[in-house]
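>>> need a structure here:
(chains A, B and C)
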Amino acid sequence: MPMIYWFDLMGVAVFAVSGALAAMQAGLDLFGLLVLAAMTAVGGGTLRDLLLNRHPVFWMKDTRYLLVIIASALTALVFGPFPEHGLMMLKVVDALGLALFALCGTEIAEEQGVKPLPALLMGTLTACGGGVLRDVLSGQAPLLLRKDIYATAAIGGIALYFLLKAAGLSVRWAFVIGMVGVAALRLAALQWNWQLPALQMLQLG
Amino acid sequence: MPMIYWFDLMGVAVFAVSGALAAMQAGLDLFGLLVLAAMTAVGGGTLRDLLLNRHPVFWMKDTRYLLVIIASALTALVFGPFPEHGLMMLKVVDALGLALFALCGTEIAEEQGVKPLPALLMGTLTACGGGVLRDVLSGQAPLLLRKDIYATAAIGGIALYFLLKAAGLSVRWAFVIGMVGVAALRLAALQWNWQLPALQMLQLG
Amino acid sequence: MPMIYWFDLMGVAVFAVSGALAAMQAGLDLFGLLVLAAMTAVGGGTLRDLLLNRHPVFWMKDTRYLLVIIASALTALVFGPFPEHGLMMLKVVDALGLALFALCGTEIAEEQGVKPLPALLMGTLTACGGGVLRDVLSGQAPLLLRKDIYATAAIGGIALYFLLKAAGLSVRWAFVIGMVGVAALRLAALQWNWQLPALQMLQLG
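Just a heads-up that it's a prediction; the model follows:
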């Protein structure tokens, strides 16, 4: 499916930019920036491939991924201080990347014969793993600790994909609608500042 | 050995509860709680399987693990604020989980033809890896930095297992006594507040 | 190449000492110290082996690695508070370890049929991965966030290795010169306090 391949590279580019921006905020040097951009962009997919025993890992056989990362990171460096509408555009493309990585990761897991529940976990890992690595390595509070709907959007869209397949829809349509679901959830959460209620431990008297 | 299988699921349940409690303390939302519970419960065993090249990873072929995690995490959510004796019970069951994961991880490594020293490391990783992931991802000080005897209990019991086997005891009895050793060490450390002396760098004048 | 094997063990010893020193600074107990020493010494190479699907992981089949780690960590414990010139010596040997791990990791990746760009990434990971793990697990700011030239030295020397090979030099000489390049860059950075300019996000008005 060549169109998915291009979407995939676009997702990699967006996540590389997000890693590069985090590196600049943390005051890293040039090579730290490249390393962090690569970790963010392919970290989730790499963990997925290790867990599914898919070798060689995708960016080892297709060097285009690393080239896209380097180009994206350097672009982020040059245009670094995005004006306001640039940042908004980045968030929109990031939502698309999240959606694509979530569904692609799920489908790749299914191709390896994994059942729906672990496949959903693999999709979530593919979509969110790079961001978690970025945060831990750049000394920020990990993604999971943030209050905006992110992993939740991935899980929601993947669950929708499985429901639609179970209801008899073709894989292709379930895939597309699930993807739209992830992106829509994420963008709506950004637009209206949605967040799940934080769970608190009650203090018993 | 089906009894070990049930023990194993019980260990997964306990570690999932511990991850869910950490998630609540960190103020995560529902899906963050599920992800953290899963990481804590199967993180160590997953790292072990990757390092030993055992595929598919155990929770991919047997979905029961993920179902137990979801059920345990939701239970922790509902009964979240454990009264005092509930927390104590959790620590006791956690000690059993630690003991079981330590010895099972060691035996699985031995089955793969690994020598005693790396097998001891694999057992320790199986028992403590999930807790380390939980701490890093929920923004707490990593397990290793805490002063109470935890990894030390795992290492002690596994070493006992190897000593007993070397002394001619059957694998089965060495396994059981090693497990009791881990749990006893951990519980004694909790009861009497034992800790190893922290190692400090002396300041030279 | 048996000489490389001895260099490799020496690199493991040095990184184990660096992990043990970090453990002492963080106030860990004896077993935490051993675990951290092992993570620092073989963490990078282990990640490399997992990504390249090389099994069994190197320290599982050759127990000498773990024995060297234990001996080094205990030595660090005894001679812990290095006098000033001891610390300097450690940094010199650490630069040699960095150089060796960087080039060995790259060559191992090439042997597995990996192309230059991902092989460079593998070499960098082998050399710097253990240090990153050490920092995350001992609660320090990750290596990447520090300002001194470290990963940059590894990347520079590996790039030199590829350039020399492309220019027609034999693998053996390219390897040696690349290694000298890493060590020289690292030592010069230490000596004259070189650092890459940190990249900052400009604040747009």
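
>>> Can you give me the neighbour number for the closest residue to chain C within chain A?
Across chain A, no residue is closer to chain C than A:Asp29, which sits at 3.4 Å (CB to the nearest CB). Glycine gets a C-beta too; all of them are placed from N, C-alpha and C. By the criterion of other CB atoms under 10 Å in any protein chain shown, A:Asp29 has 22 neighbours.

>>> Please apply the same query to A:Ala167.
Residues near A:Ala167, counting by other CB under 10 Å: 8.

>>> what's the helix or strand for the residue nearest to the spatial centre of chain A?
By CA atoms, centre = their mean, chain A has its centre lying nearest to A:Ala127, at 3.1 Å. For A:Ala127, the element it lies in under DSSP states H and E is helix A:116-137.

>>> So what touches whichever helix or strand comes after that helix?
The helix or strand immediately downstream of helix A:116-137 is helix A:151-166, counting by DSSP H and E. The set of residues external to helix A:151-166 that reach it, using CB atoms under 8 Å, 6 or more residues apart in numbering or on different chains, is A:95, A:98-99, A:102-103, A:106, A:116, A:119-120, A:123-124, A:127-128, A:143-144, A:171, A:173-175, A:177-183, A:185-186, A:189, A:196, B:29-32, B:35.

>>> So for the residue lying closest to A:Ala26 once chain neighbours are set aside, what pLDDT did the model give?
Nearest in space to A:Ala26, with sequence neighbours left out and distances taken as CB to CB, 6 or more residues apart in numbering or on different chains, is A:Ser138 at 4.4 Å. At A:Ser138, the model reports a pLDDT of 83.

>>> so how many other residues sit close to A:Ser138?
A:Ser138 has 24 neighbours, counted by other CB under 10 Å.

>>> looking at it, the residue of chain A closest to chain C is touching C:Tyr150, isn't it?
No. With contact defined as CB atoms under 8 Å, A:Asp29 does not reach C:Tyr150; the gap is 9.9 Å.

>>> Give the residues shared as contacts by the two.
Here A:Asp29 and C:Tyr150 have no joint contacts, going by CB under 8 Å, 6+ apart.

>>> Enumerate every residue touching A:Gly181.
So A:Gly181 contacts A:Ala99, A:Gly156, A:Gly157, A:Leu160, A:Tyr161 (CB under 8 Å, 6+ apart).

>>> Specify the local secondary structure of the residue of chain A found nearest chain B.
Nearest residue of chain A to chain B: A:Leu196, at 3.4 Å (CB to the nearest CB). Following DSSP: H, G, I helix; E, B strand; the rest coil, we place A:Leu196 in the coil state.

>>> Isn't it up against B:Leu34?
No. Checked against CB under 8 Å, the pair A:Leu196 and B:Leu34 is beyond contact range at 11.4 Å.

>>> higher neighbour count, the two?
B:Leu34 (26 against 16).

>>> Hmm, B:Ala76 and that one touching each other?
No. Using CB under 8 Å, B:Leu34 is not in contact with B:Ala76, being 10.7 Å away.

>>> helices or strands next to the helix or strand that A:Leu21 is a member of in the packing?
Element membership of A:Leu21, judged by DSSP H and E, is helix A:2-25. Applying 3 or more CB pairs under 8 Å, 6 or more residues apart in numbering or on different chains; DSSP states H and E, we find helix A:2-25 packed against helix A:30-52, helix A:64-78, helix A:84-111, helix A:116-137.

>>> Next, the buried residues of the third one.
By neighbour count, and taking 16 or more other CB atoms under 10 Å in any protein chain shown as the criterion, the buried residues in helix A:84-111 are A:90, A:93-110.

>>> A:Val14 is in contact with A:Val93, correct?
Yes. Counting by CB under 8 Å, A:Val93 touches A:Val14, with 4.6 Å between them.

>>> Now do the same contact list for A:Thr126.
If a contact means CB under 8 Å, 6+ apart, then A:Thr126 has A:Gly44, A:Gly45, A:Leu47, A:Arg48, A:Phe101, A:Ala102, A:Cys104, A:Gly105, A:Thr106, A:Ile108 as its contacts.

>>> same deal with A:Ile108?
By CB under 8 Å, 6+ apart, the contact set of A:Ile108 is A:Arg48, A:Leu52, A:Arg54, A:Met122, A:Thr126.

>>> swap the cut-off to 10 Å and go again
By CB atoms under 10 Å, 6 or more residues apart in numbering or on different chains, the residues touching A:Ile108 are A:Gly45, A:Arg48, A:Asp49, A:Leu52, A:Arg54, A:Phe58, A:Val114, A:Ala119, A:Met122, A:Gly123, A:Thr126.

>>> Who wins on neighbours among these?
Neighbour max across these (other CB under 10 Å) = A:Gly123, 31 neighbours.

>>> can you redo the contacts of A:Ile108 as a markdown table with distance to A:Ala71 and pLDDT?
Output for these, formatted as a markdown table (distance: CB to CB, whole Å; pLDDT from 0 to 100):
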| residue | distance to A:Ala71 | pLDDT |
| --- | --- | --- |
| A:Gly45 | 18 | 94 |
| A:Arg48 | 24 | 95 |
| A:Asp49 | 23 | 95 |
| A:Leu52 | 28 | 95 |
| A:Arg54 | 25 | 93 |
| A:Phe58 | 18 | 91 |
| A:Val114 | 33 | 93 |
| A:Ala119 | 32 | 95 |
| A:Met122 | 28 | 94 |
| A:Gly123 | 27 | 95 |
| A:Thr126 | 22 | 94 |
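
>>> closest to B:Asp62 among those residues?
Nearest to B:Asp62 out of these is A:Val114 (CB to CB; 11.7 Å).

>>> Could you measure from that closest one over to B:Gly11?
Separation of A:Val114 from B:Gly11 (CB to CB, to the nearest Å) stands at 23 Å.

>>> and if you look at A:Gln191?
Using CB to CB, one gets 43 Å for the distance from A:Gln191 to B:Gly11.

>>> Could I get the contacting residues of the residue nearest to the centre of chain A?
The contact partners of A:Ala127, by CB under 10 Å, 6+ apart, come to A:11, A:15, A:44-45, A:48, A:97-106, A:150-151, A:153-155, A:157-158, A:182.

>>> Try it again at 8 Å.
A:Gly44, A:Leu98, A:Ala99, A:Phe101, A:Ala102, A:Gly105, A:Ala151, A:Ala154, A:Val182.

>>> What count of nearby residues applies to A:Gln112?
Neighbour count for A:Gln112, taken as other CB under 10 Å: 18.

>>> Quick check: closest non-adjacent residue to it.
Nearest non-adjacent residue to A:Gln112, counting by CB to CB, 6+ apart: A:Leu52, 4.8 Å away.

>>> repeat for A:Arg48
In space, A:Arg48 is closest to A:Thr126, 4.7 Å off (CB to CB, 6+ apart).

>>> I'd like to know how far that neighbour sits from A:Gly97.
A:Thr126 sits 11 Å away from A:Gly97, going by CB to CB.

>>> Check A:Gly44 too.
10 Å.

>>> Would you mind measuring from A:Leu90 to A:Val14?
As judged by CB to CB, A:Leu90 and A:Val14 stand 7 Å apart.

>>> I meant to write A:Val92 there.
From A:Val92 to A:Val14 the distance is 9 Å (CB to CB).

>>> Repeat that for A:Gly113.
Using CB to CB, A:Gly113 is found at 30 Å from A:Val14.

>>> between these two, who's got more neighbours?
The neighbour comparison of A:Gly113 against A:Val14 (other CB under 10 Å) goes to A:Val14, with 25 against 11.

>>> In PDB, list the C-alpha atoms belonging to stretch A:7-14.
Taking C-alpha atoms only, stretch A:7-14 is exported to PDB below (Å, rounded to 0.1, in the frame of the first residue of the first chain):
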ATOM      1  CA  PHE A   7       1.700   8.900   5.100                       C
ATOM      2  CA  ASP A   8       4.100   6.900   7.300                       C
ATOM      3  CA  LEU A   9       7.100   9.000   6.200                       C
ATOM      4  CA  MET A  10       5.000  12.200   6.800                       C
ATOM      5  CA  GLY A  11       4.200  10.900  10.400                       C
ATOM      6  CA  VAL A  12       8.000  10.300  10.900                       C
ATOM      7  CA  ALA A  13       8.700  13.800   9.700                       C
ATOM      8  CA  VAL A  14       6.200  15.400  12.100                       C
END
